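Enquirer: Here is my input; please provide its structure:
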Amino acid sequence: MTWDEDRAGAVVRRVLARVDVPPSRVDPAAVVVAARRAERRRRRLTVTLAAATVLAIGLGSAVALGRDGSGRGMDEVVDRPSPRPTETRAAPALDQVRVRVSASPADCTTEQYDTPDDAYFPSLGAVDPSGRFLAGTSPVGDWRKKGFRTYLVIWDRGKANLVELSRAFQATVTAINSAGVAAGNRWDGDNRPDVPWAYRDGQVRNLPLPEGYRDVRAVAVDAAGEILGVAGGNGEKAVLVRWDAAAQTPPRVVTDPFGVFLGWAPDGTVAESVIPTGETAAVRISRPDGSALVQPAPPGWPLRRDAALQGDWLAGTVRGVGTEKSSPAQWNVGTGRLTVFVGLDTHRLDNVSTDRNGRLLVWMPRQDWFLVEPDGTARRIPRSLTGEGLTRGVLFDDAGRIYGGAVDENGRQWPVVWQCR
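Expert: Numbers count the residues shown, from 1 in each chain. As a prediction, this is how the structure comes out:
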């Protein structure tokens, strides 16, 4: 038997063992033979076809798997909870908080991490919930001598480790867990799709792709090392896929269709931004039991692709009040309430982040960064040890520590951690 024949036969036997087939004259061995013949005719017998053949003959009914796994290299039919009615809320209730800018800066301590000499400008991408691991990517420092290379930089308690991402012109790291397992995406050149990868035990490996999808991106890693990704392409709507911790086999489709990933809670709840047909943008929260909640976005709310859900909080901007062009805002997708902080003007630049406790970090053009408490008290973030300010691409861990960068006059960047009380 060929490898595909072995695989098809194994699937048939596994499905027959699980399915309670009514009495009939069906011979399981004949089903396996039929599957082999189909493989020789088509040269590519999918697992879905094998499972569908067994169910159709054994149960006397046709089962259309469609978006649940047909033609996508799935090892078995994905078990998902039956969809339940989706709850749709009204537009968020609006609260306004008047900002009071304190004359004193925020009470913060700072710690600067070293950067390897060969990593010239690391771009931070992820921090684990505990704050132990920080991850970023960087081009090679001296590309004229060493050529174009991209590195993954992992800081473990502030100590950097450099791992080359081979054949990557550009790369991003999107997530890292408290065991140091990281995931991200890299781009290998013109007319080539992003390639998802995982970093585990000091090595980077490409993640296997679901069949039939050209664009696949890793977006999150949970505590057990399982990885979520978003797959699309070939004219199909995007779907959410999940690799197991070993990441040796193609991922399973777990939500279909899918929008823009926002967050993945420990209980398996997934949040995404979507645009329902004929409606404004919204956040959809899908729970493990199959229920879902759709919360329409506030008018004019920018659902950024780089936004991250911190607990129930999303940060952004809305149209300003009075002379302000735009005001920082905080949206609690759990309670459905929107808080607008009046008195700060972001000048239509959406450089606003939030932590899990509802504190905002706001960049004010020509003024620096401000830490804004839920009661509206705003305090300037102090400069780092080098005298440089916080750069964009701010990250938070679960304790509310702030991870950013300081840049010197030559453009070299170092990660800096702010812990503010």
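
Enquirer: Which residue, other than its chain neighbours, is closest to residue 303?
Expert: Spatially, and ignoring its direct neighbours in sequence, residue 303 is nearest to residue 273 (4.1 Å; CB to CB, 6 or more residues apart in numbering). The C-beta positions use only the backbone N, C-alpha and C, and glycine is treated the same way.

Enquirer: could you say which helix or strand contains that neighbour?
Expert: Element membership for residue 273, per DSSP states H and E: strand 270-274.

Enquirer: quick one: that strand to chain centroid distance?
Expert: Distance of strand 270-274 from its chain centroid, counting by CA atoms, centre = their mean, to the nearest Å, is 10 Å.

Enquirer: Which elements pack onto it?
Expert: Packing partners of strand 270-274 (3 or more CB pairs under 8 Å, 6 or more residues apart in numbering; DSSP states H and E): strand 260-264, strand 282-286.

Enquirer: neighbouring strands for that strand, and are they parallel or not?
Expert: According to DSSP bridges, strand 270-274 forms sheet pairs with strand 260-264 (antiparallel), strand 282-286 (antiparallel).

Enquirer: closest one to residue 384 among those?
Expert: strand 260-264 (28.5 Å; CB to CB).

Enquirer: what sits up against the closest one?
Expert: Contact partners of strand 260-264, identified using CB atoms under 8 Å, 6 or more residues apart in numbering, comprise 219-220, 222, 228, 230, 240, 270-274, 283, 303, 305, 307-310, 314.

Enquirer: quick one, helices of the protein?
Expert: Per DSSP state H, the chain carries helices over the ranges 3-18, 28-42, 47-59, 143-146.

Enquirer: tell me, which of those is the model least confident about?
Expert: Among the helices of the chain, helix 47-59 has the lowest mean pLDDT, at a mean of 32.

Enquirer: Residue 257: neighbour count?
Expert: Other residues lying near residue 257 total 13 when counted by other CB atoms under 10 Å.

Enquirer: how near is it to residue 153?
Expert: Residue 257 sits 34 Å away from residue 153, going by CB to CB, to the nearest Å.

Enquirer: Kindly report the same for residue 106.
Expert: 27 Å.

Enquirer: do the same with residue 217
Expert: The value you get for residue 217 to residue 153, if CB to CB is used, is 20 Å.

Enquirer: Next: residue 304.
Expert: From residue 304 across to residue 153, the span is 24 Å (CB to CB).

Enquirer: Give me the more crowded residue out of those two.
Expert: Between residue 304 and residue 153, residue 153 has the larger neighbour count (other CB under 10 Å), namely 24 against 16.

Enquirer: which residues does the more buried one bridge with?
Expert: Where residue 153 sits in a bridge, its partners, by DSSP bridges, are residue 136, residue 162.

Enquirer: repeat for residue 317
Expert: Assessed by DSSP bridges, residue 317 has beta-bridge partners residue 328.

Enquirer: Could you report the neighbour count for it?
Expert: 26.

Enquirer: Could you pull up the residues touching it?
Expert: Here residue 317 is in contact with 302, 326, 327, 328, 329, 346, 348, 349, 350, 352 (criterion: CB under 8 Å, 6+ apart).

Enquirer: is it true that residue 330 touches residue 355?
Expert: No: using CB atoms under 8 Å, residue 330 is not in contact with residue 355; the gap is 10.6 Å.

Enquirer: which residues are common contacts for those two?
Expert: With contacts taken as CB under 8 Å, 6+ apart, residue 330 and residue 355 have residue 313 as neighbours in common.

Enquirer: in this structure, what spans have low per-residue confidence?
Expert: Scanning the chain for pLDDT under 70 picks out the ranges 1-84, 141-147, 190-191, 233-236, 277-279, 385-393, 411.

Enquirer: same thing but at 50, please
Expert: The chain contains residues with pLDDT under 50 at 1-79.

Enquirer: center of it - which residue?
Expert: residue 219 (2.6 Å; CA atoms, centre = their mean).

Enquirer: For the residue nearest to residue 238 when sequence neighbours are not counted, name its beta-bridge partners.
Expert: Spatial nearest neighbour of residue 238, excluding adjacent residues (CB to CB, 6+ apart): residue 232 at 3.8 Å. Bridge pairing for residue 232 (DSSP bridges) gives the partners residue 215.

Enquirer: Let me see the contact set for residue 232.
Expert: Per CB under 8 Å, 6+ apart, neighbours of residue 232: 213, 214, 215, 216, 238, 239.

Enquirer: Columns neighbour count and distance to residue 406 on top of the residues you listed, output as a markdown table?
Expert: Below are those laid out as a markdown table (neighbours: other CB atoms under 10 Å; distance: CB to CB, whole Å):
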| residue | neighbour count | distance to residue 406 |
| --- | --- | --- |
| 213 | 23 | 39 |
| 214 | 14 | 39 |
| 215 | 15 | 35 |
| 216 | 24 | 34 |
| 238 | 21 | 37 |
| 239 | 22 | 40 |
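
Enquirer: for those residues, which one is nearest residue 100?
Expert: Closest to residue 100, out of all of the contacts of residue 232 and judged by CB to CB, is residue 238, at 43.0 Å.

Enquirer: so where do the strands sit in the stretch 251-400 of the chain?
Expert: Using DSSP state E, counting those that start in this stretch, the strands of the stretch 251-400 of the chain run over 252-255, 260-264, 270-274, 282-286, 292-296, 313-319, 326-332, 337-342, 352-354, 360-364, 368-372, 377-380, 395-396.

Enquirer: Would you convert the ones you listed into a markdown table that also reports distance to residue 171?
Expert: Formatted as a markdown table, these follow (distance: least, CB to CB, whole Å):
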| stretch | distance to residue 171 |
| --- | --- |
| strand 252-255 | 25 |
| strand 260-264 | 18 |
| strand 270-274 | 24 |
| strand 282-286 | 28 |
| strand 292-296 | 33 |
| strand 313-319 | 26 |
| strand 326-332 | 31 |
| strand 337-342 | 35 |
| strand 352-354 | 22 |
| strand 360-364 | 25 |
| strand 368-372 | 27 |
| strand 377-380 | 34 |
| strand 395-396 | 17 |
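
Enquirer: can you tell me which of those comes nearest to residue 244?
Expert: Between residue 244 and the strands of the stretch 251-400 of the chain, the tightest spacing by CB to CB is seen for strand 252-255, at 8.2 Å.

Enquirer: Tell me the strands beside that closest one, with direction?
Expert: strand 236-243 (antiparallel).

Enquirer: Send me the partner strand as CSV with only the CA atoms.
Expert: The C-alpha coordinates for strand 236-243 follow below in CSV (Å, rounded to 0.1, in the frame of the first residue of the first chain):
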residue,chain,number,x,y,z
GLU,A,236,-12.4,31.0,0.7
LYS,A,237,-13.3,32.8,3.9
ALA,A,238,-10.8,32.7,6.7
VAL,A,239,-11.1,29.9,9.3
LEU,A,240,-9.5,29.4,12.7
VAL,A,241,-7.2,26.4,13.0
ARG,A,242,-5.5,24.7,15.9
TRP,A,243,-2.3,22.8,16.2
